[in-house]
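# What would the 3D arrangement of this be:
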Amino acid sequence: MNNIEPITSQMKAAEFGTSRVTDEQLVLQCQQQDARAFEILVRRHQRSVYAMLYRMAPDWREHIDDLAQEVFIRMWRNISRLRNPR
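The predicted structure follows:
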């Protein structure tokens with residue numbers, strides 16, 4: 001595994017929109033089991049995931065929260081397999 005320097009201060013700023021930590025940096029941190037980086041990714045992309053699910057499964061609106069949660073669970077479980085986080 002690569003030794004990735006923690007980007008904690010940048011991630012803290014990213015939470016509040018004062019700094020732009022890239023998705024690539026966050027994914028690399030997630031691959032090191034950094035749950036905080038994953039939380040930022042989820043917050044950054046949850047609206048897109050919900051929008052996509054609404055379009056893909058309009059008859060499942062009452063289950064959208066469960067579907068979105070499953071998307072993010074699978075993402076966390078499989079992020080280490082991602083070869084090129086760009």
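# What lies in contact with stretch 64-80?
With C-beta atoms under 8 Å, 6 or more residues apart in numbering as the test, stretch 64-80 has contacts from 27, 30-31, 38, 41-42, 46, 49-50, 53-54, 57, 60. Quick note: C-beta positions are derived from backbone N, CA and C, even for glycine.
# Please state the offset of that stretch from the chain centre?
Relative to the mean C-alpha coordinate of its chain, stretch 64-80 is positioned 9 Å out (C-alpha atoms, centre = their mean, to the nearest Å).
# Would you mind giving the contacts of stretch 64-80 as JSON lines with secondary structure and pLDDT added?
Output for the contacts of stretch 64-80, formatted as JSON lines (DSSP: H, G, I helix; E, B strand; the rest coil; pLDDT from 0 to 100):
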{"residue": "Val27", "secondary structure": "helix", "pLDDT": "95"}
{"residue": "Cys30", "secondary structure": "helix", "pLDDT": "96"}
{"residue": "Gln31", "secondary structure": "coil", "pLDDT": "95"}
{"residue": "Phe38", "secondary structure": "helix", "pLDDT": "96"}
{"residue": "Leu41", "secondary structure": "helix", "pLDDT": "95"}
{"residue": "Val42", "secondary structure": "helix", "pLDDT": "96"}
{"residue": "Gln46", "secondary structure": "helix", "pLDDT": "96"}
{"residue": "Val49", "secondary structure": "helix", "pLDDT": "97"}
{"residue": "Tyr50", "secondary structure": "helix", "pLDDT": "96"}
{"residue": "Leu53", "secondary structure": "helix", "pLDDT": "96"}
{"residue": "Tyr54", "secondary structure": "helix", "pLDDT": "94"}
{"residue": "Ala57", "secondary structure": "coil", "pLDDT": "93"}
{"residue": "Trp60", "secondary structure": "helix", "pLDDT": "90"}
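# Got a quick PyMOL command for the buried subset of the residues you listed?
Selecting the buried subset of those in PyMOL, with 16 or more other C-beta atoms under 10 Å as the burial test, is done by:
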select buried, resi 27+30+31+38+41+42+49+53
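# Could you work out the most separated pair of the contacts of stretch 64-80?
Gln31 and Trp60 (30.9 Å; C-beta to C-beta).
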